[in-house]
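Enquirer: test case, fold it:
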Amino acid sequence: MSLLAHRYLLKRALTRPTTVTKKCNRRLLTSSPPGRDPAVVGFIGLGNMGLPMCLNILNNQEDGPFATVLAFDTNPDAIASACSSGAESASKVGDIGAANCDVVFSALPSCKIVENVFDELMDGASTSSNERSTVYVDCSTVAPSISRTIHESVAKAGHSHMDAPVSGGVKGATDGTLTFMVGSDLPSLERATPYLDRMGKAVIHCGGSGTGSATKLCNNLALAAQMAGICEAMNLGEALGVDPIVLADVMNASTAKCWSCEVDNPHPEVAAVRGMTPASKNYVGGFASKLMLKDVGLAVDAAQDEGVAVPIGASTKELYRLIEKRGFGEKDFGILLQFLRGL
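Expert: Residues are numbered from 1 along each chain as shown. Predicted coordinates:
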């Protein structure tokens, strides 16, 4: 297939009109295995991101209740929140897999947890001649090499795997406006898209296995540097006597405009006046600094493996390492502003 034809097919697959998307939803319903009507979606990991994503699958079913959601988390409160919106509770990870689900989503906090979960999911998950394969969609942020290893393991069992990390933060997860960066084959993407559409505003096919994870690491490498620049500028501006609200307004109308300034400004006064969180709530919620440290660390490690220089990335990794060491790893990564002030 030519590159031009490939791009055309991607465009058609990812920018279908609403009427075509609805047809896709109905096709997914009717193609569920016998005894599973409506389709069953598994969701593993109901943290700050996973829970609102799961709730959007449950709540954004415009064409009717086409999916039953089977959810698992180690936190019973998170399970209770999902069940209060209509999910069914799984007692263990193994209950969410090929035997019970058509599509399985995971949103987990570390590479090791992802590996352990997929080891358990693949235990006895091989398809038989009369079973339909399951699509596993991992929305966690992990090393591309891990995504590729899991992809091979899932494929050997006769199923499909997609690395589909997200961008948009807790607000995007709550509002259903996430961007999914997908590494997979097109048939798997086609099966998962009706659910991705209920959780996000954009589904971008980045290439084969591992490319979604690679894209996410590059995005967060840039985001960490972006937040560091905004924190330094806000801190300096206030020290020079500029009202932080005025400074943020000017930056958002100028070349410094970016997500870290406009959507997740780290200055508490700006966040309070502009209705932003989490800086207005003592940096509670949002994207935890320890997770940013993990993502930047993965990006720096990947760069070292490829012989690519990332000096700014290495510096921001060290800043977030110090923040975690000071006990602020659970705080939103905008806490960097307070760290620069001597917190």
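
Enquirer: same question for the lengthiest helix in the chain: list its buried residues.
Expert: Secondary structure of the chain per DSSP state H: the longest helix is helix 211-239. By 16 or more other C-beta atoms under 10 Å, the buried positions in helix 211-239 come out as 211-221, 223-231, 233-235, 237-238. All C-beta atoms are positioned from the backbone trio N, CA, C, and that covers glycine.

Enquirer: also stretch 79-92?
Expert: For stretch 79-92, burial by neighbour count (16+ other C-beta under 10 Å) applies to I79, S81, A82, A87, A90.

Enquirer: take those residues and keep only those in strands.
Expert: Using DSSP state E, no member of the buried residues of stretch 79-92 falls within strands.

Enquirer: TSV please, covering these and showing pLDDT and distance to I146.
Expert: Output for the buried residues of stretch 79-92, formatted as TSV (pLDDT from 0 to 100; distance: C-beta to C-beta, whole Å):
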residue	pLDDT	distance to I146
I79	96	26
S81	96	29
A82	97	26
A87	95	27
A90	95	23
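
Enquirer: what's the farthest-apart pair in these?
Expert: S81 and A90 (14.7 Å; C-beta to C-beta).

Enquirer: next one: stretch 149-157 to chain centre, how far?
Expert: Centre-to-centre, stretch 149-157 and its host chain are 21 Å apart (C-alpha atoms, centre = their mean, to the nearest Å).

Enquirer: actually stretch 308-326, not the one I wrote
Expert: With C-alpha atoms, centre = their mean, you get 21 Å for stretch 308-326.

Enquirer: what mean pLDDT does that stretch get?
Expert: Stretch 308-326 shows a mean pLDDT of 97.

Enquirer: touching that stretch from outside, list them.
Expert: The list of residues contacting stretch 308-326 from outside it, by C-beta atoms under 8 Å, 6 or more residues apart in numbering, reads 221, 224-225, 228, 289-290, 292-293, 296-297, 299-300, 303, 329, 331, 333, 335-336, 339, 343.

Enquirer: report the buried members of those residues.
Expert: Buried residues within the contacts of stretch 308-326, counting neighbours by 16+ other C-beta under 10 Å: 221, 224-225, 228, 289-290, 292-293, 296-297, 299-300, 303, 329, 331, 333, 335-336, 339.

Enquirer: so which of those residues belong to helices?
Expert: Mapping those onto helices (DSSP H) picks out 221, 224-225, 228, 289-290, 292-293, 296-297, 299-300, 303, 336, 339.

Enquirer: and which of those is nearest to G169?
Expert: Each of these was scored against G169 by C-beta to C-beta, and M292 proved nearest at 11.0 Å.

Enquirer: any idea how far E330 is from the closest one?
Expert: Distance, M292 to E330, using C-beta to C-beta, to the nearest Å: 12 Å.

Enquirer: on that earlier part again, how about CSV for the buried residues of stretch 79-92, with distance to N56 added?
Expert: Shown next, in CSV, are these (distance: C-beta to C-beta, whole Å):
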residue, distance to N56
I79, 17
S81, 13
A82, 11
A87, 12
A90, 19
